[in-house]
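> Please find the sequence and the predicted model below.
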Amino acid sequence: MGHLDHATLGWLTPVLSYAMACIGAALGLRCTVRALGATGRSRRNWLITAASAIGTGIWTMHFVAMLGFSVSGTDIRYDVPLTIVSLLVAMIVVCVGVFAVGYSRDRVRALFLGGLTTGLGVASMHYLGMAAVRLHGHVDYDPVLVGLSVLIAVVAATAALWAALNIKSPVAVTVASLIMGAAVSSMHYTAMFAVSVRVTPSDTALPGVTAMQFIFPLAVGLGSYLFLTSAFVALSPTTGEREASASAQRPIEPVAP
């Protein structure tokens, strides 16, 4: 058995990955709040932005955490196409959940189905990301911990969608995003603790690329996207602010004598 280290770089990767999950969650919640106060194309655009933010945050959290993952006795490489597929899965399934909540008239049903779909999608993203790992040996999983990680993902996704429907104030969104970030991180590390590796020493070159060659630059790019989108959302007026501005610009009609 190879010894697994989930924090080769110390606390840097767990803390940074948690921060990415929180930023994605906070941005997604704020965009969803804006979407629920909008109509037509504006609502659709805000929901797409919310889904991309949450999906990007979750994926970035996972692979930033994976920068600290190592197995004694073998190098680790990543399959590029499968890693990209895991990112697309994260965005698509979150988009399905967010749109279900944003457009459904039966909010309870939408919350249940959206949370289930999104949670299973997040878990699929994680295990697709793990399937992209290439090493000298065989990877096994503890089925109990795998099941627990999927359950955490479903609960976290449902809670995120509930928060999107019910939480409006910036302070409440901040608190909810911190909790959601903790839930996503818990899902990731529960799933990682389910992993065991039987190393088979070999001098054969592994296919794929190292984390620093591919995942780190991509994570930096997606992290930059989250920060830039956060700035855009922060500077965009809310529906209430637009209405107040429009009201203030209306000319005051003189009162007839």
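All right, it came through fine.
> where along the stretch 51-200 of the chain do the strands fall?
All strands of the stretch 51-200 of the chain, identified by DSSP state E, counting those that start in this stretch, fall at 70-71, 76-78, 133-135, 137-141, 195-199.
> which residues sit in contact with the closest residue to Leu128 other than its chain neighbours?
Distance criterion Cβ to Cβ, 6 or more residues apart in numbering; nearest residue to Leu128, sequence neighbours excluded, is Ser86 at 3.9 Å. In this view, the C-beta of every residue, glycine as well, is placed from N, C-alpha and C. Residues near Ser86 by Cβ atoms under 8 Å, 6 or more residues apart in numbering: 59, 62, 125-126, 128-129, 132.
> Would you mark the buried spots in the longest helix anywhere in the chain?
In the chain, ranked by residue count with DSSP state H as the criterion, the top helix is helix 40-66. For helix 40-66, burial by neighbour count (16 or more other Cβ atoms under 10 Å) applies to 43, 46-66.
> pLDDT value on Trp46, please?
The model reports Trp46 with a pLDDT of 85.
> Just confirm it contacts Cys31, I think it does.
Yes. Taking Cβ atoms under 8 Å as the definition, Trp46 is a contact partner of Cys31 at 5.1 Å.
> low pLDDT regions in the stretch 51-200 of the chain?
Filtered on pLDDT under 70, the stretch 51-200 of the chain yields no residues whatsoever.
> at 80 instead, please
101-102, 104-107, 110, 160-161, 163-173 (pLDDT under 80).
> hang on, the earlier thing: need the strands of the stretch 51-200 of the chain in CSV with distance to Ala163 and mean neighbour count, can you?
Formatted as CSV, those follow (distance: least, Cβ to Cβ, whole Å; neighbours: other Cβ atoms under 10 Å):
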stretch, distance to Ala163, mean neighbour count
strand 70-71, 35, 20
strand 76-78, 32, 19
strand 133-135, 32, 19
strand 137-141, 30, 13
strand 195-199, 30, 16
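> Fine by me, thanks again.
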